[in-house]
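Asks: Generate a structure from the sequence data that follows.
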Amino acid sequence: MTKVKICGLTEERHVQVAVEAGADALGFVFAPSSRRVSVEQATKLAMQIPDTVLKVGVFVNAAADEIRAIYKAVPLDIVQYHGNETPGFIEQVGLPAFKAFSIKSSEDVHRAAAYNVTPLFDAPGIEFKGGSGQTFDWRNLKEKKVQERPFILAGGLNAQNVTEAIVQVNPEMVDVSSGVEIEKRKDEQLIREFINTVKLKK
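Replies: Below is the predicted model of the structure:
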């Protein structure tokens with residue numbers, strides 16, 4: 001069954017709702033964003049998360065020492081790179097990782113082949129990296145090379161379109177942030193609805 005990541009969490013209640021509803025991973029943004037949290041906030045929120053749920057930290061072009069320090073302090077399970085990080089830099093940091101790629105064409109998908117970590121395919125950002133609330137053309141992911149490797153799908157997903165996304169490209173995990181928000185704030189009912197939609201349908 002497809003896994004679910006709820007990203008951009010900032011409030012304790014929303015963390016609790018996501019955990020109770022069956023989320024597989026929760027994301028904290030440490031990069032410039034309307035959903036950015038401090039290390040202190042993330043540490044407090046992480047205390048509510050059981051070991052069975054992955055804690056993911058989102059970074060954009062951060063220094064290696066900063067990433068390692070936050071990873072240890074929260075603590076995190078996965079680092080999600082959302083900037084221009086190279087394969088060599090990610091290997092140097094040496095932590096479990098996802099790498100996000102903004103998809104405008106199939107060429108952007110092929111860039112993921114150079115990275116030895118799980119790719120996360122997202123729509124291009126507008127004001128910030130990612131989190132645009134827009135989808136991209138999923139047909140770019142339907143090549144056999146892409147399908148042979150587990151990947152995460154993000155970008156404009158919500159309870160209304162996530163089933164179609166799963167049917168079309170079969171991601172290992174779907175990642176949502178703005179699709180479970182009302183007026184840029186997470187909504188308990190939308191979180192539950194999104195997770196239930198994914199978990200009840202293959």
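
Asks: Can you tell me the SS state at V198?
Replies: Classification of V198 using DSSP: H, G, I helix; E, B strand; the rest coil returns helix.

Asks: Please give me every residue in contact with it.
Replies: M1, T2, V4, V162, T163, I166, V174 (C-beta atoms under 8 Å, 6 or more residues apart in numbering). For glycine as for every other residue, the C-beta is placed from the backbone atoms N, C-alpha and C.

Asks: among those, which ones are buried?
Replies: Buried members of the contacts of V198, scored by 16 or more other C-beta atoms under 10 Å, are T2, V4, V162, T163, I166, V174.

Asks: In strands, which of the residues you listed fall?
Replies: V4, V174 (DSSP state E).

Asks: Relative to K55, which of the buried ones among the contacts of V198 is nearest.
Replies: V4 (14.3 Å; C-beta to C-beta).

Asks: so the closest one makes contact with G27?
Replies: No. Taking contacts as C-beta atoms under 8 Å, V4 lies outside contact range of G27: 11.1 Å.

Asks: Overlap of the contact sets of these two?
Replies: By C-beta under 8 Å, 6+ apart, V4 and G27 have no common neighbours.

Asks: before we move on, the earlier item: and the buried ones among the contacts of V198, which two are the farthest apart?
Replies: Every pair of those checked by C-beta to C-beta; the farthest is V4 and T163, at 12.5 Å.

Asks: ok, so of the contacts of V198, who is nearest I191?
Replies: Nearest member of these to I191, counting by C-beta to C-beta, is V4, at 9.6 Å.

Asks: Distance of that closest one relative to D122?
Replies: 16 Å (C-beta to C-beta, to the nearest Å).

Asks: Then C7?
Replies: C7 sits at a distance of 10 Å from D122 (criterion: C-beta to C-beta).

Asks: which residues do these two both contact?
Replies: A154, D175.

Asks: The closest residue to N84 other than its chain neighbours: what's it in contact with?
Replies: If the residues on either side of it in the chain are set aside, N84 comes closest to N61, at 6.0 Å by C-beta to C-beta, 6 or more residues apart in numbering. Applying C-beta under 8 Å, 6+ apart to N61 gives the contacts G83, N84, E85.

Asks: For the last one, give me its contacts.
Replies: Residues in contact with E85 (C-beta under 8 Å, 6+ apart) are N61, K99.

Asks: ok so, going back, out of the buried ones among the contacts of V198, which one sits closest to R111?
Replies: Nearest to R111, judged by C-beta to C-beta, of these is V174 at 20.9 Å.

Asks: who's the closest residue to the closest one other than its chain neighbours bridged to?
Replies: Nearest non-adjacent residue to V174, counting by C-beta to C-beta, 6+ apart: L153, 5.3 Å away. L153 forms beta bridges with F121, V174, as assigned by DSSP bridges.

Asks: If anything else comes up later, I'll come back, but that's it for now.
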